[in-house]
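Visitor: Return a 3D structure for these sequence lines:
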Amino acid sequence: MSAGVLIYCFDSPHVQYHKVANFCIELIKQNLKLPVTVVTNSQTKQKIQSADNFVIVENQQGNHRPYKEKIIPWYNLERSLAYEHSPYDTTILMDADYFVYTDNLLQAIKSDCDFMLHDKVHDLTNRNSFDYTSKSMIPIVWATVTIFKKTIFAKKMFEMIKHVQTHYNYFCELYRIDFKNFRNDYAFAIAVNQLGANDKKYFIPTAMSMLPSDTKVLKINNKGVTFQHGKFVNLVTTHDIHVLDKEIAIDV
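Guide: Numbering: from 1, shown residues only. Coordinates of the predicted model:
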């Protein structure tokens, strides 16, 4: 039975995602020792290093997001196709800005559950920045790391995610979701709700460590992340971490 990591990466006019993707792949090779497939377009592919496999698509455009007091293009509309894009029996679907400093995900992929993702996060600045309970009638889940197997149920889940994406405005009204631009986190949350996958077995048991985009990353390399918020400086070395600042300077 094969296992590997699937990453989506498309450079945009404002963010060179290939830079964080290359670092993400380096850490996967170092700490998970799994093959990596990158879904990208032909332009970005030329800048991706060390991937084992590529799926070339022309990514959809038209979605936008607020980022550092600007509204920028957000190329996030392909993730619902992950079931078809993945060549693996068990897949870790991972954001390019998620950095693995442990081998913890190797334990998670051994689970009998055929679809898992995070429903809890830990803000490393201790501000509880990701509490969105007032933003929707349903709790958010985090599509940043999603583990799935090639099973009938996982396929149904991704088919539902596609349906939600097609009718996202309707579901935003139905669940009173404040974020009107398309977000995979809420698309996955709606699919989980629609298919009744609310049991704790569908959720990765640990909270996902996250750094908000306004956090100053002082240093990041294959040994850890040093960041500053206010007067406090911290070093993370033994946690997998989602870094929302897409313009970090990676010291390799």
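Visitor: how about the helices in the stretch 151-252 of the chain?
Guide: For the stretch 151-252 of the chain, applying DSSP state H, counting those that start in this stretch gives helices covering 152-166, 168-174, 184-194.
Visitor: Any chance you could list what contacts the shortest one?
Guide: By Cβ atoms under 8 Å, 6 or more residues apart in numbering, the list of residues contacting helix 168-174 from outside reads 164, 177, 179-180, 182, 186-187, 190. (Glycine included, C-beta is placed from N, CA and C.)
Visitor: Report the buried residues of it.
Guide: Within helix 168-174, the residues scored as buried using 16 or more other Cβ atoms under 10 Å are 168, 171-172.
Visitor: quick check, nearest of those to Ile204?
Guide: Nearest to Ile204 among the buried residues of helix 168-174, counting by Cβ to Cβ, is Phe171 at 23.7 Å.
Visitor: Quick one: the buried residues of helix 168-174 as a markdown table, columns for distance to Arg65 too.
Guide: Putting the buried residues of helix 168-174 into a markdown table (distance: Cβ to Cβ, whole Å) gives the following:
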| residue | distance to Arg65 |
| --- | --- |
| Tyr168 | 14 |
| Phe171 | 18 |
| Cys172 | 15 |
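Visitor: from those residues, which is closest to His242?
Guide: Nearest to His242 out of those is Tyr168 (Cβ to Cβ; 22.7 Å).
Visitor: Okay, that closest one and Pro13: tell me how far apart.
Guide: Distance from Tyr168 to Pro13, counting by Cβ to Cβ, to the nearest Å: 23 Å.
Visitor: Mind pulling up the pLDDT for the nearest residue to Asp95 once chain neighbours are set aside?
Guide: If the residues on either side of it in the chain are set aside, Asp95 comes closest to Thr144, at 4.7 Å by Cβ to Cβ, 6 or more residues apart in numbering. The model reports Thr144 with a pLDDT of 98.
Visitor: So Thr144, which state does it fall into?
Guide: Classification of Thr144 using DSSP: H, G, I helix; E, B strand; the rest coil returns strand.
Visitor: And for Met116?
Guide: Of the three states, Met116 takes strand under three-state DSSP.
Visitor: SS state for the nearest residue to it once chain neighbours are set aside?
Guide: Leaving aside its chain neighbours, Met116 sits nearest to Ile147 (4.5 Å; criterion: Cβ to Cβ, 6+ apart). Following three-state DSSP, Ile147 is assigned to strand.
Visitor: contacting residues around Ile147?
Guide: 90-93, 105, 108-109, 111, 115-117, 204.
Visitor: who's Val36 bridged to?
Guide: According to DSSP bridges, the partner residues bridging Val36 are Val5.
Visitor: Can you report how many residues lie near it?
Guide: By other Cβ atoms under 10 Å, 23 other residues sit near Val36.
Visitor: Residues in contact with the lowest-mean-pLDDT helix or strand in the chain: which ones?
Guide: When the helices and strands of the chain are scored by mean pLDDT, DSSP states H and E, strand 64-67 comes last with a mean of 82. With Cβ under 8 Å, 6+ apart as the test, strand 64-67 has contacts from 14, 71-74, 181, 213, 246.
Visitor: on that earlier part again, pull out the buried members of the contacts of helix 168-174.
Guide: Listed as buried from the contacts of helix 168-174 are 164, 177, 179, 182, 186-187, 190; burial here means 16+ other Cβ under 10 Å.
Visitor: ok, these vs Phe232, which is closest?
Guide: Among the buried ones among the contacts of helix 168-174, Phe179 lies closest to Phe232 (Cβ to Cβ), at 29.3 Å.
Visitor: if I look at the closest residue in space to that closest one that isn't next to it in sequence, how far off is Lys135?
Guide: In space, and not counting its chain neighbours, Phe179 is closest to Tyr186: 6.3 Å by Cβ to Cβ, 6+ apart. Remark: distance between Tyr186 and Lys135 (Cβ to Cβ) = 9 Å.
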